[in-house]
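Undergrad: Show me the folded form of this:
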Amino acid sequence: MSSCDTTKDVVRTASSNTSLGSLGGSESEGIGSAAEGEFHSSGESTHGEDIEQRNEINKDLLSNSQEKEDSQTEEKTEADRCIEVYNETVRQRSSSRSPRVSVCESAKDYAGTETLRRMKKFLPSVRNLRNQFEVKKNEQSDDSPGLNYSPCTKTRSRRSSVESNLSTSSMSSKSSSSSTNVQTNEESRPSSSSKEDQKSVPSIESIIKQFANLDIERFESKTINSSWNPTSLVNLLYTLPTPPPPAKTTTAYVNIEGYLEKLPSGRKKATFWNAWKKRYFRLENGYLYYYQSNQNEKPSLKIQLMGGEIQLGEGNMIGIDDGKGHYIATRCRSEEETEKWMNALQTQIQENFNSAWVHPSPTPMTPTLYRDTLILDVGSCSIRAGILANQTTLPQLFIPSIVAKNKFNEIVAYGYEALKPNVRMSSFLKYPFRTSSGVDKYSLDMAPLSGFLSLIFQKLNVDPSRYYVQLSLPRSIPPSSQAEMLKIMFEEFGVRGVNLSNQSVLALSAYRANSGIVVDIGERIEIVPIMDGYMLNSGTSRVPYGGCEIIEHLRQFLLQKNYSLVSEVETYFVRLALERLCYVSGPSPEAYHTDLQLSHKDPLAVSASLSLEQFDAESIPWRELILDSGRFQVPEGLFHPEAWGLDHPGVQKLVSRAIQECGVDIRKEMSRSIFLAGGVTMLPGFAERLEEEVNRLTPSGITPKVHASPYRYHAAYLGASEFASSPAFDQQRINLEDWKSIGPNVIRKWKT
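TA: Got it, this is the predicted structure:
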């Protein structure tokens with residue numbers, strides 16, 4: 001018989017004796033005489049002393065048996081730790097749940113003292129195992145799959161185990177708490193949701209260290225003459241390309257339309273609640289539209305079929321997958337109709353995104369081909385303007401947005417006039433539309449805007465009172481600035497109507513898309529996710545570096561080669577070197593380190609030169625610009641800002657963040673719709689590198705697609721021309737009559 005059973009028998013006997021004694025006492029008091037009552041009274045005191053002695057004996061026996069049971073339970077628990085607890089702890093860690101917390105809470109509900117005691121003994125062991133697994137896993141041997149723990153080792157008390165856990169966890173939290181957390185998160189992440197099989201890219205060293213020993217004073221003797229006229233250089237930088245004649249489309253689309261039966265989107269099987277419904281479909285130039293009937297003008301859904309997949313099912317069923325998350329199941333009435341639609345759909349899914357972008361036409365020479373709308377695109381460094389034509393064209397006017405304000409009077413010069421030697425020698429040069437370092441705020445200086453509008457109308461030789469104006473700005477301006485801008489447009493120039501739009505939204509129109517992520521890199525970097533024409537502010541990122549940071553670091557690399565280019569006018573040479581000499585290493589991130597090692601071994605292998613003889617050689621002390629490793633080291637900061645000494649995230653991480661901020665059902669579509677805009681994105685290799693970098697950050701089931709139009713430098717202007725040609729422009733613009741009748745409150749129309 002075990003000690004536990006013996007203890008239970010002793011307790012049972014003591015309780016029975018106690019009950020019998022109490023029963024006898026009750027009987028004597030109820031039926032006995034007075035003498036008998038006294039006898040029983042003395043007998044009760046003697047009996048009570050016996051009970052107290054028995055209770056003390058029982059307590060000693062209970063304590064001894066309890067200690068033996070505790071020691072046996074602890075030995076069993078320590079033996080079980082190496083068998084069951086470790087596997088369960090690893091399983092719980094992989095699912096990111098704290099072990100046994102819910103079990104302890106349920107044990108409290110049952111109010112079982114034995115269960116609570118065992119749970120309290122179990123929790124420290126789990127904590128100890130987890131601590132040893134995370135902090136001391138490097139100390140484990142390769143042969144033992146679990147911990148350095150065996151059932152044969154001496155058991156430790158519960159208190160000493162807890163104290164060791166606390167001391168070890170406190171030491172680990174002081175030394176490497178952050179690294180342990182990161183490592184735990186990486187281990188708990190499912191391998192199927194990320195591309196962890198990619199090789200880790202070595203860290204990028206800052207290029208600022210290379211400029212530490214530069215002595216600027218020794219370059220003062222080699223500077224450009226102040227009387228130098230930069231007109232020829234600026235004209236080269238602001239030359240508009242000549243669009244090629246419309247090329248013959250290599251893809252012969254078979255356009256078709258008619259009624260088909262359709263299941264609800266995403267469904268592949270008909271049910272009582274998801275039945276077939278008759279809808280009107282139209283295939284046209286790589287897009288699929290479907291309407292409720294042929295009488296509707298607005299489609300219920302529009303999807304791009306290029307790069308998609310067509311599946312033929314049973315019963316004349318056709319499955320249409322656009323590869324971006326949309327799936328439509330259709331059904332034809334006969335086999336002949338099924339074959340007809342299949343042949344047409346096969347021509348629509350051929351991947352030729354280039355045909356979907358806006359390709360500008362040559363500027364028409366006939367005045368009758370122009371419309372009554374002016375397009376104005378105001379940027380940080382340049383302004384584009386032109387008259388809207390029947391077909392989208394490049395701007396007719398492309399000038400720098402620089403202003404020269406005289407130091408002694410109020411005379412102000414704009415554009416090319418501000419860069420002339422006789423003007424800039426007595427003036428301050430300024431770019432009034434550049435965004436400030438506080439990227440969350442953007443204000444528009446209305447005085448320079450009025451001067452530039454006068455210059456634009458004069459250069460285009462138009463009467464503004466006969467035209468509507470589509471104006472695009474880098475950022476949204478506050479309502480007070482909108483009202484002031486309308487006052488200038490209507491009261492000073494008398495235009496017929498004005499519409500104000502964001503450049504990023506208009507850049508998306510240059511790709512003829514309604515949804516996607518716009519990567520706009522000019523003076524600054526802007527990542528804007530747009531869904532059905534509306535900006536998703538939660539995923540929008542604006543950082544105060546971009547082209548301006550590239551110019552500054554490239555200036556330092558040129559200074560190493562004895563080229564001192566410091567002033568605003570001399571900066572145009574740095575910009576020319578950026579456009580003609582620089583490139584992005586890639587497409588793989590490891591290519592940067594390969595190019596860097598090559599430049600260390602043989603600098604001439606990566607060097608390139610740029611002739612300067614065509615820009616007034618008498619005023620320039622150099623005949624050419626030579627650049628070596630700076631060609632690829634400077635642009636690398638776009639993806640790894642630590643190369644510039646910054647702690648901002650790279651452009652690929654901003655794009656990944658924009659995708660994650662979108663809804664789960666549209667992330668695949670947004671990953672396949674990344675559109676480039678801005679002059680910095682014209683760097684060779686940028687599009688391929690961005691696609692590879694984003695691909696490393698997206699789940700394995702998603703392959704991102706970066707779209708790079710050859711005219712993305714003017715994407716905002718081309719998108720503004722597309723929008724001004726649509727009926728939406730007539731609905732959103734504010735007309736002169738509205739301003740006269742309502743006044744500044746008319747800007748509420750843009751808020752709806």
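
Undergrad: and residue 585, helix, strand or coil?
TA: For residue 585, the assignment made with DSSP: H, G, I helix; E, B strand; the rest coil gives coil.

Undergrad: Surely it and residue 597 touch.
TA: No. Look at residue 585 against residue 597 with CB atoms under 8 Å: they stay out of range, at 11.4 Å. Where you see a C-beta, it was placed from the backbone N, CA and C, and this is true even at glycine.

Undergrad: who's more crowded, these two?
TA: Legend: neighbour count by other CB atoms under 10 Å for residue 585 and residue 597, higher for residue 585 (22 against 10).

Undergrad: Look up how far residue 288 lies from that one.
TA: To residue 288, residue 585 is 39 Å away according to CB to CB, to the nearest Å.

Undergrad: Next: residue 744.
TA: To residue 288, residue 744 is 44 Å away according to CB to CB.

Undergrad: Give me the more crowded residue out of these two.
TA: Neighbours per residue (other CB under 10 Å) separate residue 744 from residue 288, with residue 288 holding more: 23 against 14.

Undergrad: For my notes, confirm the more buried one occurs in a strand.
TA: Yes. Counting by three-state DSSP, residue 288 is found in a strand.

Undergrad: In terms of pLDDT, where does it sit?
TA: Listed pLDDT for residue 288 reads 91.

Undergrad: same deal with the one 10 residues further on?
TA: With respect to pLDDT, residue 298 has a value of 87.

Undergrad: Can you get me a residue count around it?
TA: The number of residues near residue 298, taken as other CB under 10 Å, comes to 8.

Undergrad: any idea which element it lies in?
TA: Remark: residue 298 resides in no helix or strand, with elements defined by DSSP states H and E.

Undergrad: What sits closest to it if chain neighbours are left out?
TA: Nearest residue to residue 298, sequence neighbours excluded (CB to CB, 6 or more residues apart in numbering): residue 291, at 7.8 Å.

Undergrad: One more: residue 643?
TA: Closest residue in space to residue 643, ignoring its immediate chain neighbours: residue 637 at 4.4 Å, by CB to CB, 6+ apart.

Undergrad: isn't the one you found right next to residue 648, touching?
TA: No. Counting by CB under 8 Å, residue 637 stays clear of residue 648, with 9.6 Å between them.

Undergrad: Mind listing the shared neighbours of these two?
TA: When CB atoms under 8 Å, 6 or more residues apart in numbering defines a contact, the residues bordering residue 637 and residue 648 alike are residue 545.

Undergrad: Looking at those two, which has the bigger crowd around it?
TA: More neighbours surround residue 637 than the other of residue 637 and residue 648, with 24 against 17 (other CB under 10 Å).

Undergrad: Kindly tell me how buried the closest residue to residue 708 other than its chain neighbours is, as a neighbour count.
TA: Distances taken as CB to CB, 6+ apart put residue 687 closest to residue 708, at 3.9 Å, once the chain neighbours are dropped. Residues contacting residue 687 under the criterion other CB under 10 Å number 22.

Undergrad: cool, and residue 429?
TA: For residue 429, the neighbour count with other CB under 10 Å is 16.

Undergrad: That one contacts residue 420, correct?
TA: No. Residue 429 is beyond contact range of residue 420, at 11.4 Å (criterion: CB under 8 Å).

Undergrad: before we move on, back to that, distance of the residue nearest to residue 708 from residue 593?
TA: Residue 687 sits 21 Å away from residue 593, going by CB to CB.

Undergrad: go on, residue 236?
TA: As judged by CB to CB, residue 236 and residue 593 stand 34 Å apart.

Undergrad: now do residue 292
TA: Counting by CB to CB, the gap from residue 292 to residue 593 is 57 Å.

Undergrad: Over to residue 348?
TA: To residue 593, residue 348 is 43 Å away according to CB to CB.

Undergrad: so which helix or strand takes in the nearest residue to residue 733 once chain neighbours are set aside?
TA: Sequence neighbours aside, residue 499 is the residue nearest to residue 733 in space, at 3.9 Å (criterion: CB to CB, 6+ apart). For residue 499, the element it lies in under DSSP H and E is strand 497-502.

Undergrad: by contact count, what packs against the next helix or strand after that strand?
TA: Once the chain leaves strand 497-502, the next helix or strand it forms, by DSSP H and E, is helix 503-509. Contacts defined by 3 or more CB pairs under 8 Å, 6 or more residues apart in numbering; DSSP states H and E place helix 503-509 against strand 468-473, strand 516-521, strand 525-531, strand 674-677, helix 715-724.

Undergrad: try 6 Å this time
TA: On a contact count with 3 or more CB pairs under 6 Å, 6 or more residues apart in numbering; DSSP states H and E, helix 503-509 meets strand 516-521, strand 525-531, helix 715-724.

Undergrad: Let's see it as PDB, backbone CA atoms only.
TA: Only the C-alpha atoms of helix 503-509 are listed here, as PDB (Å, rounded to 0.1, in the frame of the first residue of the first chain):
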ATOM      1  CA  GLN A 503       0.800  65.200 -60.500                       C
ATOM      2  CA  SER A 504       1.000  61.600 -59.200                       C
ATOM      3  CA  VAL A 505      -2.600  60.900 -60.100                       C
ATOM      4  CA  LEU A 506      -2.100  62.400 -63.500                       C
ATOM      5  CA  ALA A 507       1.000  60.400 -64.000                       C
ATOM      6  CA  LEU A 508      -1.100  57.300 -63.600                       C
ATOM      7  CA  SER A 509      -3.300  58.500 -66.500                       C
END
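
Undergrad: Stretch 661-675: end-to-end distance?
TA: End-to-end distance of stretch 661-675 (CA to CA, to the nearest Å): 17 Å.

Undergrad: For that stretch, buried residues please.
TA: With burial defined by 16 or more other CB atoms under 10 Å, the residues of stretch 661-675 counted as buried are 661-662, 666-675.

Undergrad: and the angle for the one helix or strand residue 660 maps to with strand 525-531?
TA: For residue 660, the host element (DSSP H and E) is helix 651-661. Interaxial angle of helix 651-661 relative to strand 525-531 (axes from the mean of the first three to the mean of the last three CA atoms, to 10 degrees): 20 degrees.

Undergrad: so where's this protein uncertain?
TA: In the predicted model of the chain, residues 1-202, 212-223, 246-251, 436-443, 617, 752 satisfy pLDDT under 70.

Undergrad: What count of nearby residues applies to the residue lying closest to residue 310 once chain neighbours are set aside?
TA: Spatial nearest neighbour of residue 310, chain neighbours left out: residue 345 (4.7 Å); criterion: CB to CB, 6+ apart. The number of residues packed near residue 345 is 21, by other CB under 10 Å.
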